[in-house]
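Participant: Sequence unavailable; structure follows:
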């Protein structure tokens with residue numbers, strides 16, 4: 001039987017020291033311990049001659065339950081249901097109660113240690129159920145390494161108070177389904193209309209779209225007026241269309257080769273490198289400015305650019321108010337674990353000259369880098385272990401669980417606004433096709449892609465969940481799909497009839513008055 005090394009007499013001595021402090025001054029210990037010792041004293045008073053040994057045994061059992069709680073908080077993320085297409089790796093020691101000096105007969109006993117997780121004195125089986133839902137379901141949380149107690153307490157109160165379980169209204173559920181519908185149908189439409197053309201599909205991680213939408217909507221309610229985003233090619237067209245509202249017609253013009261005027265000035269760029277900016281009005285009526293930085297093929301090089309853009313706007317537009325502007329960096333799992341520039345930028349996050357008040361990091365984790373399995377690509381357990389260098393919390397979430405994703409990004413956004421610190425979200429999904437649409441992944445990952453081939457997409461999974469719960473009508477998902485496909489077809493036909501032209505949507509406002517340099521400008525240049 002595997003054991004936790006920290007379950008020892010030393011642990012009992014620590015608790016005894018706290019108990020002595022409590023007896024001297026009840027307010028000198030943390031609230032949870034205060035309530036625990038109050039319950040312990042009450043239990044002690046109820047004993048009538050059972051002997052000191054009996055009380056001592058119960059006291060030690062309480063300590064064991066506290067150790068169990070600590071085990072879930074520290075290592076619960078290793079035993080989650082966050083991987084939609086693979087079995088989890090096995091880790092030891094497990095969270096079996098026997099590893100904490102507890103037995104099955106203890107499951108029906110009541111323990112005051114339940115106060116520590118906010119449910120009061122409770123049966124052991126209920127304490128375990130609460131911890132399982134909080135730390136071992138669709139969301140895994142890593143945060144115990146943070147060295148500021150107020151951050152840990154805040155996270156524990158938020159997560160354990162509601163068991164890390166989303167509570168969306170019917171309207172919010174329908175909105176989430178609509179964003180998933182946009183993400184899924186958009187990819188499928190391009191896949192059928194432009195067969196073989198590179199687009200670096202988001203399929204398998206479509207929940208990125210409702211996730212970003214939730215960050216922006218909730219962030220605006222928390223006072224954010226501008227989001228500056230950076231990302232690589234994977235899913236970029238989807239983000240441009242369904243988050244920044246770049247028109248579908250313009251994107252189709254890029255596929256048709258009509259995105260630039262035939263004047264010799266522009267050779268153009270691949271469509272999944274282009275940047276964009278726009279204004280958005282949230283569902284609660286807040287005005288938000290969105291921008292997505294242009295990106296080269298070099299992974300993660302956009303990170304310092306986004307941070308620099310944010311810093312400049314923070315200083316010049318928002319007078320240093322870090323709650324008004326928030327950077328969002330979207331990483332791939334292979335690049336976030338391996339690119340040196342990411343480490344450099346992270347290490348600058350807390351420096352006065354470079355601090356931007358915390359960054360939202362979202363990892364689109366498809367568990368593969370080109371053709372390399374994650375087990376052959378890194379030593380660390382998670383691709384996000386780099387976050388620990390800056391003591392940033394990490395939330396691992398199953399990308400097939402749309403509501404868990406929404407809940408997680410909202411929690412992360414609130415953490416950023418509360419503590420102005422970086423936070424990481426590991427969105428765990430898969431890649432439906434190859435690295436690009438010309439690759440065949442079954443040559444290098446046959447077993448994985450056998451599982452992926454029969455796996456339902458997040459939109460189908462969520463629609464079935466809502467239908468089973470009676471949250472939507474039976475034909476709502478089909479109606480959404482049909483209506484959106486018709487819109488895309490209309491925009492495609494318009495794009496095919498359009499003349500070649502340069503989209504100047506992103507060069508309005510600040511950029512007005514600038515022109516393209518000509519030959520005379522270079523000749524006259526000093």
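Facilitator: Yep, it's here. As the structure is a computational prediction, the values presented were derived from the model and not from experiment. Residues are numbered from 1 along each chain as shown.
Participant: What number of residues are in the vicinity of the residue lying closest to residue 286 once chain neighbours are set aside?
Facilitator: Computed as C-beta to C-beta, 6 or more residues apart in numbering, the closest residue to residue 286 that is not its neighbour in sequence is residue 220, at 3.8 Å. C-beta here means a position set from N, CA and C on the backbone, and glycine is covered the same way. Residue neighbour count, defined by other C-beta atoms under 10 Å, stands at 22 for residue 220.
Participant: Next one: the nearest residue in space to residue 330 that is not next to it in sequence relative to residue 363, how far apart?
Facilitator: Spatial nearest neighbour of residue 330, excluding adjacent residues (C-beta to C-beta, 6+ apart): residue 231 at 3.6 Å. For residue 231, the distance to residue 363 (C-beta to C-beta, to the nearest Å) stands at 11 Å.
Participant: For the two, list the residues in contact with both.
Facilitator: Counting by C-beta atoms under 8 Å, 6 or more residues apart in numbering, the residues touching both residue 231 and residue 363 are 330-331.
Participant: Tell me the pLDDT of residue 497.
Facilitator: We have a pLDDT of 92 for residue 497.
Participant: separation between it and residue 254?
Facilitator: According to C-beta to C-beta, residue 497 and residue 254 sit 15 Å apart.
Participant: residues making contact with stretch 369-384?
Facilitator: Stretch 369-384 is contacted from outside by 78, 142, 332-338, 361, 363, 365, 367-368, 386, 394, 396, 424, 426, 435, 441, 444-445, using C-beta under 8 Å, 6+ apart.
Participant: Let's see which of those residues end up in strands.
Facilitator: Mapping these onto strands (DSSP state E) picks out 142, 332, 361, 363, 365, 368, 394, 396, 424, 426.
Participant: Export these as JSON lines, with columns for distance to residue 91.
Facilitator: As requested, those are arranged in JSON lines below (distance: C-beta to C-beta, whole Å):
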{"residue": "142", "distance to residue 91": "13"}
{"residue": "332", "distance to residue 91": "25"}
{"residue": "361", "distance to residue 91": "24"}
{"residue": "363", "distance to residue 91": "21"}
{"residue": "365", "distance to residue 91": "18"}
{"residue": "368", "distance to residue 91": "22"}
{"residue": "394", "distance to residue 91": "16"}
{"residue": "396", "distance to residue 91": "14"}
{"residue": "424", "distance to residue 91": "20"}
{"residue": "426", "distance to residue 91": "17"}
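Participant: what's the closest of those residues to residue 202?
Facilitator: The closest of the ones in strands among the contacts of stretch 369-384 to residue 202 turns out to be residue 332 (C-beta to C-beta; 11.8 Å).
Participant: Helices of the stretch 51-200 of the chain, start to end?
Facilitator: All helices of the stretch 51-200 of the chain, identified by DSSP state H, counting those that start in this stretch, fall at 52-75, 124-135, 149-161, 170-193.
Participant: helices or strands next to the first one in the packing?
Facilitator: Applying 3 or more C-beta pairs under 8 Å, 6 or more residues apart in numbering; DSSP states H and E, we find helix 52-75 packed against helix 9-24, helix 31-46, strand 110-111, helix 124-135.
Participant: And the shortest one, by the same measure?
Facilitator: In this structure, helix 124-135 packs against helix 52-75, strand 110-111, helix 149-161, with contacts taken as 3+ C-beta pairs under 8 Å, 6+ apart.
Participant: and the longest one, average pLDDT?
Facilitator: What that stands for is helix 52-75. 85.
Participant: before we move on, what about stretch 271-281?
Facilitator: Computed over stretch 271-281, the average pLDDT equals 92.
Participant: Report the buried residues of it.
Facilitator: Neighbour counts over stretch 271-281 (16 or more other C-beta atoms under 10 Å) mark 271-272, 274-278, 280 as buried.
Participant: what's the distance between stretch 442-451 and the middle of its chain?
Facilitator: 26 Å (C-alpha atoms, centre = their mean, to the nearest Å).
Participant: Same check on stretch 422-435?
Facilitator: Taking C-alpha atoms, centre = their mean, one finds the center of stretch 422-435 at 9 Å from the center of the full chain.
Participant: how long is it end to end?
Facilitator: Using C-alpha to C-alpha, to the nearest Å, one end of stretch 422-435 lies 29 Å from the other.
Participant: Likewise for stretch 389-397?
Facilitator: Using C-alpha to C-alpha, one end of stretch 389-397 lies 21 Å from the other.
Participant: Show me what that stretch is in contact with.
Facilitator: Contacts of stretch 389-397 (C-beta under 8 Å, 6+ apart): 77, 80, 82, 138-143, 145-148, 151, 155, 343, 346-347, 349-350, 361, 382, 384, 387-388, 404-405, 408, 411-412, 415, 421-428.
Participant: for it, what is the average pLDDT?
Facilitator: 98.
Participant: ranges for the strands of the stretch 201-350 of the chain?
Facilitator: When assigned using DSSP state E, counting those that start in this stretch, the strands of the stretch 201-350 of the chain occupy the ranges 226-231, 276-281, 287-292, 325-332.
Participant: ok, residue 501 touching residue 258?
Facilitator: Yes. Residue 501 is in contact with residue 258 according to C-beta atoms under 8 Å; the separation is 7.3 Å.
Participant: Those two: who's more crowded?
Facilitator: residue 258 (18 against 13).
Participant: Mind listing what's buried along stretch 185-195?
Facilitator: Across stretch 185-195, burial judged by 16+ other C-beta under 10 Å covers 185-191.
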